[in-house]
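S.K.: Sequence plus the predicted model coming up.
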Amino acid sequence: MVLRVWQESSVRCVITSKGGGSSMDMDPSNFHQTMLCPCEGCTYVCRSEHLVPHIFGAHPFSREVENIRRMQERRIVALQYQLKFEIHMMHYWHNFVQIAREKEETKNKEAAGRDDEQTSEQPGDKKTRDSPEQSVKSDVPEEKEDQEVKSESTAEERRPAHNNKVTYRKIIYQAIMESPEKRLRVGEITKWIENNYSFFVKKKSSWKSTVRHNLSCGCGHQFSRVAPPPASLSRDCIFFCLILLQRRRETASAMGSKEVNPDLSPEDSLVLIRRSLKSANMAPGTHFDGNIPHIFVTLGASGDLAKKKIYPTLWWLFRDNLLPSNTIFFGYARSKLSIEKLRANCDPWMKVKPDEKQRYEEFWKLNYYVDGTYDTRRDFEILNQEMEKHEKGPTANRLFYLALPPPVFNPVTVNIKNTCMCTKGWTRVIIEKPFGRDAESSKALSDHLASLFKEDQIYRIDHYLGKEMVQNLITLRFGNRIFNPTWNRDNIASVLISFKEPFGTQGRGGYFDEFGIIRDVMQNHLLQILCLVAMEKPASIHPDDIRYEKVKVLKCVDPLKLENCVLGQYVGDPEGEGDAKLGYLEDKTVPKDSVTPTYALSVMKIKNERWDGVPFILRCGKALNERKAEVRIQFKDVPGDIFHGKPKRNELVMRVQPGEAVYVKLMTKSPGMSFDMEETELDLSYHSRYHDVKMPDAYERLLLDVFCGMQMHFVSSDELSEAWRIFTPLLHQIEREKVRPIMYKYGSRGPKEADVMSSANDFKYYGSYKWVQPK
Ligand SMILES: NC(=O)C1=CN([C@@H]2O[C@H](COP(=O)(O)OP(=O)(O)OC[C@H]3O[C@@H](n4cnc5c(N)ncnc54)[C@H](OP(=O)(O)O)[C@@H]3O)[C@@H](O)[C@H]2O)C=CC1
Ligand SMILES: O=C1O[C@H](COP(=O)(O)O)[C@@H](O)[C@H](O)[C@H]1O
């Protein structure tokens, strides 16, 4: 069947079959399904009524063109890598040749001397029998890892001919380079070493561990004695490992410390992060420019977000040695601040431990500050000049973090574009919500940014996407066999996504009142979680594929209606303590007649094959009874019940905070003689399973992602516009009609009406589940 669009108002459907064909004209307004764009090469999926505007509007095979562009960009990155690689190779070979030459000269001299003196050659004097090349190979590695080797070797073996140093890295490299395909397995490398370095034949096999250790440092590959490596090691891979190893050593020595052995580091989790960051297996499309100078610019450096979140995050990343080694930090704001003053502002939030003082000093030495206005081009030119002073080499990258109120986004981004774009590398711009107030203002902002930067230069932060358990959703769903078959409308009764905070606006009422809880939390954090719970399996873990699937989910959600929402506003609890006594309207920064909701519950339906009819209940609130963010998948009742109504529904709970956990509530036979049943759980609590693992803060992960060029955990403009499409009519109605929220007491669970609505939407609460915390 071929669908051809031949005029705006109708679509021609041409049906061809073996015996002939027929055609008819159809009015697209009669279609009410989700459709794939019929034009050849286009993979756009949309609701039928959006199809014609798509074809006549933004269409012209944009995705295909985008794919080609992306492929070309990847190819360029690959070529850049290859070029760097070749340069380093030349460097290595140059060293080898020089060593060999020097050895030959020394040997010739020695031989000449011996001829002169007519000394008799000792049988077994290996040194004099070796060819120059063999002589190079008889040198013994002189790296730190060699200590065991050295302790057993004789002085002559360690320094056979002269003081040339041959390291394990060089030997490994040589082995790979001499192989026909420039590709070897670990076992083949050690065999090659044995064949070519007589020294090792005599040794115990401990040196093989050192070879493995050299290979496993830094690149994410683990080579154990028992498990074979996953694939042959190519020269590129080894090269990558070796360069990273070298970098780690340089950084460690720059810190004045001995080399950090990742296997022995007390902060194993940090080692893991470093490895994954620098791993050759990073998600496609990402790359860590570890050795290139970077400048991180915080615009709005004098503000609240900067001092409470951005500078602390930069310090933690720097402290943990996670940033590219040559990163420096610029602050920019209107206030005339010295670095000392900026530092004093940030100090209370930096959490510096006593033994980190020296490192902390080093961090501030890398900081610079420029004051200027946000709308004056000249001020940004000065900022640019200051940055250029630190970018003397051939390459450099720049990151701009807009820790600024929305009204200055436009002038600031224009000034960045006109004066501060990096000419020696990439420029990336990070922006914080709110991304507009509604569909229209958000589109205006998106259009403005798109006129200045490419989408892959824009990083829209939703910090919930940096949380461990939110990131884990993709792994749990698509890395396990057991969930997917039941992850659908046949098995799941409802999904509850919650965000609860036990405090009110805490003096931020001015900001909050303009936005309200729906814009503050639901339209972004909760909706992002919904997308990750509901999306189809992406074609790959490439950020574009994931973001594409998220957009598809949102396209299947209708705009929210007020009748599917419960709105609340907290009042003070006269029996409460401190802030709890104060209601929202008693916050001095909030207008006395404000109807802004501080609590909201909304029921959404995703109209696609997987989820049709399943309520997704999103609820969020301030000044509630506890701090909690979680996803609760409630399964349907067991069909054909043989236990007379006793089984309670299964629930899969993914607790985002506090205390990350995944647990499944299920029924079990009561232990013992009885054949009764009771509720219990399969429990993966992170604090007991991974109790020493340091969980990085969401901002830490996300800022690192920007360094890596990883957009998976950032919001795309398409997601944003779909999100606003869903919420804008409701928000406008609430504002237009001044819809009165239901009052709830500070410290309570929120309005009772919310429980009524969840229960009407197939979320069952039994009140019988008792959790026994394991000892
Ligand atoms: N690994 C771990 O750390 C585990 C911890 N636990 C803990 O055990 C406790 C109980 O577990 P939980 O899964 O919450 O099970 P519950 O059955 O107690 O609660 C289930 C859900 O019902 C809601 N709810 C509570 N009261 C009512 C009500 N009166 N009407 C309607 N809905 C209600 C809760 O939301 P809300 O109150 O937010 O509205 C929650 O979403 C929790 O504190 C949990 O953290 C359990 C298992 C494992
Ligand atoms: O984005 C926001 O999130 C915070 C809650 O973040 P969390 O990481 O502490 O859960 C919320 O307090 C704030 O109102 C909102 O703007």
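M.R.: Received it, and whenever you're ready, just let me know what you need. Ligands and ions are numbered 1, 2, ... in the order given.

S.K.: Run a quick neighbour tally on the residue lying closest to Ile742 once chain neighbours are set aside.
M.R.: Spatial nearest neighbour of Ile742, excluding adjacent residues (CB to CB, 6 or more residues apart in numbering): Pro751 at 4.2 Å. For every residue, glycine as well, the C-beta is placed using N, CA and C. Neighbours of Pro751 under the rule other CB atoms under 10 Å: 23.

S.K.: can you check Lys308 too?
M.R.: Neighbours of Lys308 (other CB under 10 Å): 15.

S.K.: ditto for Pro485
M.R.: Around Pro485 there are 9 residues (other CB under 10 Å).

S.K.: now it: how far from Arg610?
M.R.: The gap separating Pro485 from Arg610 is 12 Å, by CB to CB, to the nearest Å.

S.K.: same check, this time on Gln733
M.R.: 29 Å.

S.K.: these two touch, right, the residue nearest to Ile742 and Tyr599?
M.R.: Yes. Between Pro751 and Tyr599 a contact is recorded at 6.6 Å, counting by CB atoms under 8 Å.

S.K.: Secondary structure element for Glu630, which one?
M.R.: strand 628-635 (DSSP states H and E).

S.K.: what about the helix or strand following that strand, near ligand 1?
M.R.: Per DSSP H and E, the first helix or strand lying C-terminal to strand 628-635 is strand 651-657. Yes. Using CB under 6 Å from any ligand atom, strand 651-657 reaches ligand 1 at Val653.

S.K.: Which elements pack onto strand 651-657?
M.R.: helix 468-478, strand 628-635, strand 661-669 (3 or more CB pairs under 8 Å, 6 or more residues apart in numbering; DSSP states H and E).

S.K.: Could you dump these into TSV and include mean pLDDT?
M.R.: Below are the helices and strands packed on strand 651-657 laid out as TSV (pLDDT from 0 to 100):
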stretch	mean pLDDT
helix 468-478	96
strand 628-635	98
strand 661-669	97
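
S.K.: Next, format the ones you listed as CSV and append mean neighbour count and distance to Ser206.
M.R.: CSV is the format used below for these (neighbours: other CB atoms under 10 Å; distance: least, CB to CB, whole Å):
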stretch, mean neighbour count, distance to Ser206
helix 468-478, 17, 37
strand 628-635, 20, 49
strand 661-669, 16, 41
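
S.K.: Can you say which of these is nearest to Glu549?
M.R.: helix 468-478 (9.9 Å; CB to CB).

S.K.: Check the model's average confidence along the helix or strand following that closest one for me.
M.R.: Counting by DSSP H and E, the next helix or strand C-terminal to helix 468-478 is strand 492-500. Across strand 492-500, pLDDT averages out at 98.

S.K.: Which other helices and strands does strand 492-500 contact?
M.R.: Judged by 3+ CB pairs under 8 Å, 6+ apart, strand 492-500 is in contact with helix 527-534, strand 615-621, strand 628-635.

S.K.: For the helix or strand where Ser441 lies, which residues meet the burial criterion?
M.R.: In this assignment (DSSP H and E), Ser441 forms part of helix 439-452. Under the neighbour-count criterion of 16 or more other CB atoms under 10 Å, helix 439-452 has Ala439, Ser442, Leu445, Ser446, Leu449, Leu452 buried.

S.K.: Equivalent analysis for stretch 531-551, please.
M.R.: For stretch 531-551, by 16+ other CB under 10 Å, it's 531-535, 538, 542-551.

S.K.: before we move on, what about stretch 765-775?
M.R.: Using 16+ other CB under 10 Å, none of the residues of stretch 765-775 count as buried.

S.K.: can I have that stretch written out in CSV, keeping just the CAs?
M.R.: What follows is stretch 765-775 as a C-alpha-only set of coordinates in CSV (Å, rounded to 0.1, in the frame of the first residue of the first chain):
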residue,chain,number,x,y,z
TYR,A,765,-4.0,0.7,49.2
TYR,A,766,-4.5,-2.1,51.7
GLY,A,767,-2.9,-0.6,54.8
SER,A,768,-1.8,-4.1,55.8
TYR,A,769,1.8,-4.2,54.6
LYS,A,770,4.4,-4.2,57.3
TRP,A,771,8.0,-3.9,56.4
VAL,A,772,10.5,-5.5,58.7
GLN,A,773,13.8,-3.8,58.2
PRO,A,774,16.6,-6.4,58.0
LYS,A,775,19.1,-6.4,60.9
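
S.K.: ok now that stretch, how far from the chain's centre?
M.R.: 34 Å (CA atoms, centre = their mean, to the nearest Å).

S.K.: and that stretch, average pLDDT?
M.R.: Rounded mean pLDDT across stretch 765-775 is 90.

S.K.: Nearest to Phe727, out of the helices and strands packed on strand 492-500?
M.R.: helix 527-534 (8.2 Å).

S.K.: Show me what secondary structure element comes after the closest one.
M.R.: Per DSSP H and E, helix 527-534 leads on to helix 543-555 as the next helix or strand towards the C-terminus.

S.K.: What angle do helix 527-534 and that following helix make with each other?
M.R.: 100 degrees (axes from the mean of the first three to the mean of the last three CA atoms, to 10 degrees).

S.K.: Packing partners of the helix or strand following helix 543-555?
M.R.: Downstream of helix 543-555, the next assigned helix or strand under DSSP H and E is strand 565-571. The contact analysis (3+ CB pairs under 8 Å, 6+ apart) places strand 565-571 against strand 599-605, strand 742-745, helix 752-760.
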